[in-house]
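**Q** Generate a structure from the sequence data that follows.
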Amino acid sequence: MQELEENFKKNGGRFEKVRLETLFDVRSNPQLNKNAFVFSEKGKYPYFTRTVTNNGILGYVEYLDEKHKIPGNTLAVGMLGMQFFYMKSDFYAGQFTKTIFPKFNPFNEKIALYFIAILNKCSKYFLSVLVRDFEKIFKETEIMLPLKNNKISFEYIEQYVRELESERVRELEAYLIASGLNNYQLTDNEKKILMGGGNCNFKSFKFDEIFAKAQTGDFDIQRIHVNGKGCLYINSGLENQGIVGMTDVKAKIFEPETITVDMFGLAWYRDFAYKMATHAHVFSLSTLNSLSQNCLLYLVGAMFYLKQKYNYNNMCNWSKMQQDSLLLPVLENGQFDTAYMDAYISALKKLVIKDVVEFKDRELVAMKQAVA
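**A** The predicted structure follows:
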């Protein structure tokens, strides 16, 4: 990427600040509550909301009318998260959202991705102002862009994004090969297990039959100092699996290959050393038997129901969990059927990674065609 930038400058290109007002129009969306729409797996139109997950898309809906339909090939932003997303096709939107219309040509997905990366860096700044002032502040904001012959170089922007994508796809390919995830073909045994076969028996176990007594962390909330040093710090919560960041504050370090369960009943497998909070009642559960990563992931999956049972009003702790149980596959002698657990998780991994591998293969073919 550095070479691309250096060549651009050698050929008369430069980078200068450009006011967003000269590039985009901001319009409030014709808003409708989600109850006004018919959601469907075959729905043609994205329903954009103020969420920051799934590119801001809550789901896909059937056609409603032209009055509320918003043109695609634009940028959309929710006022609560201030995350910008590219909307390729026409869409509908919920409350507290706006659409950013480009004033220039050409505008396409690659150019949009370039601007999204820049605009999302301004997210905290936009969040610091009142919603009613967003349009004014947005237009006054200046961003650094490539210029050539006193015009924005969209050719450079597209080339930059293409090379960045190519670089990431090559890195993805190398990772998939190194990790053994490049093969997503299910074995006959994995297919049988996913279809409910495998001739496996199941037995209910109390938590204290499976795990040693839960240990709690000794990390006081008042001492939190995330500075990128030391080891990872674990708190309660769904976001980023409860991982807050890295800290070198002195505290007990828990070993990898364990499972944590927080006060909300959220269970996570940890393959790294970490420190834990005490105030959030996060528990580390070390298995009595030496189990593989896949088996530990199977146990985490079996604990899924805990998050539906525990909450702020009924916080999870070890004394309560001792009354809970897990239904697990066993052999005739009553021991865990680790082969079944391992094969089941292996099959799920392959199903999850399949789309990623196929995407990577399509992108590599497209890259080779482009070069040719």
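**Q** switch to C-alpha atoms for all contacts and neighbour counts from now on
**A** OK.
**Q** Which parts of this structure are helices?
**A** With DSSP state H as the criterion, the chain has helices at 2-10, 109-121, 123-127, 134-140, 154-179, 188-194, 207-210, 293-302, 306-309, 318-321, 338-371.
**Q** which one of these is the most hemmed in?
**A** Of all the helices of the chain, helix 293-302 has the most neighbours on average by mean count of other Cα atoms under 10 Å, namely a mean of 19.
**Q** one step back: out of the helices of the chain, the one nearest Phe283 is which?
**A** helix 318-321 (7.6 Å; Cα to Cα).
**Q** now that closest one: how far from the chain's centre is it?
**A** 31 Å (Cα atoms, centre = their mean, to the nearest Å).
**Q** Now distance to Arg270 and mean pLDDT too, for the helices of the chain, in CSV please.
**A** What follows is these, written out as CSV (distance: least, Cα to Cα, whole Å; pLDDT from 0 to 100):
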stretch, distance to Arg270, mean pLDDT
helix 2-10, 37, 87
helix 109-121, 30, 96
helix 123-127, 31, 92
helix 134-140, 41, 96
helix 154-179, 18, 89
helix 188-194, 25, 88
helix 207-210, 17, 87
helix 293-302, 9, 93
helix 306-309, 18, 92
helix 318-321, 18, 90
helix 338-371, 16, 85
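**Q** Stretch 29-40: which residues count as buried?
**A** 29, 31, 34, 39 (16 or more other Cα atoms under 10 Å).
**Q** where does the stretch 201-350 of the chain dip in pLDDT?
**A** For the stretch 201-350 of the chain, applying pLDDT under 70 flags the ranges 220-224, 279-281, 286-289.
**Q** hmm, 80 instead?
**A** 217-226, 239, 278-290 (pLDDT under 80).
**Q** in it, which spans are strands?
**A** For the stretch 201-350 of the chain, the strands defined by DSSP state E, counting those that start in this stretch cover 201-206, 215-216, 231-234, 243-247, 258-261, 267-270, 274-276, 283-285, 325-330.
**Q** Format the ones you listed as a markdown table; extra columns: mean neighbour count.
**A** Below are the strands of the stretch 201-350 of the chain laid out as a markdown table (neighbours: other Cα atoms under 10 Å):
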| stretch | mean neighbour count |
| --- | --- |
| strand 201-206 | 14 |
| strand 215-216 | 19 |
| strand 231-234 | 21 |
| strand 243-247 | 18 |
| strand 258-261 | 22 |
| strand 267-270 | 23 |
| strand 274-276 | 25 |
| strand 283-285 | 25 |
| strand 325-330 | 18 |
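**Q** Which among those strands is found nearest to Gly180?
**A** With Cα to Cα as the measure, strand 267-270 is the member of the strands of the stretch 201-350 of the chain nearest Gly180 (19.9 Å).
**Q** As a quick check, tell me the outermost residue of the protein.
**A** Ranked by distance from the centre of the chain (Cα atoms, centre = their mean), the top residue is Asn333, with 41.1 Å.
**Q** hang on, the earlier thing: out of the buried residues of stretch 29-40, show me where the pLDDT dips lowest.
**A** Lowest pLDDT of the buried residues of stretch 29-40: Gln31, 77.
**Q** Distance check, it against Gly72.
**A** 16 Å (Cα to Cα, to the nearest Å).
**Q** again with Arg362
**A** Taking Cα to Cα, one finds Arg362 at 24 Å from Gly72.
**Q** tally of neighbours for the closest residue to Lys309 other than its chain neighbours?
**A** Spatial nearest neighbour of Lys309, excluding adjacent residues (Cα to Cα, 6 or more residues apart in numbering): Gly265 at 7.3 Å. Number of residues near Gly265 (other Cα atoms under 10 Å) recorded here: 26.
**Q** can you tell me how far Gly265 sits from Leu327?
**A** Here the criterion is Cα to Cα. By it, Gly265 lies 17 Å from Leu327.
**Q** Just send the helices of the chain back as a markdown table, with distance to Gly59 too.
**A** Shown next, in a markdown table, are the helices of the chain (distance: least, Cα to Cα, whole Å):
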| stretch | distance to Gly59 |
| --- | --- |
| helix 2-10 | 38 |
| helix 109-121 | 20 |
| helix 123-127 | 24 |
| helix 134-140 | 26 |
| helix 154-179 | 26 |
| helix 188-194 | 27 |
| helix 207-210 | 38 |
| helix 293-302 | 25 |
| helix 306-309 | 23 |
| helix 318-321 | 36 |
| helix 338-371 | 19 |
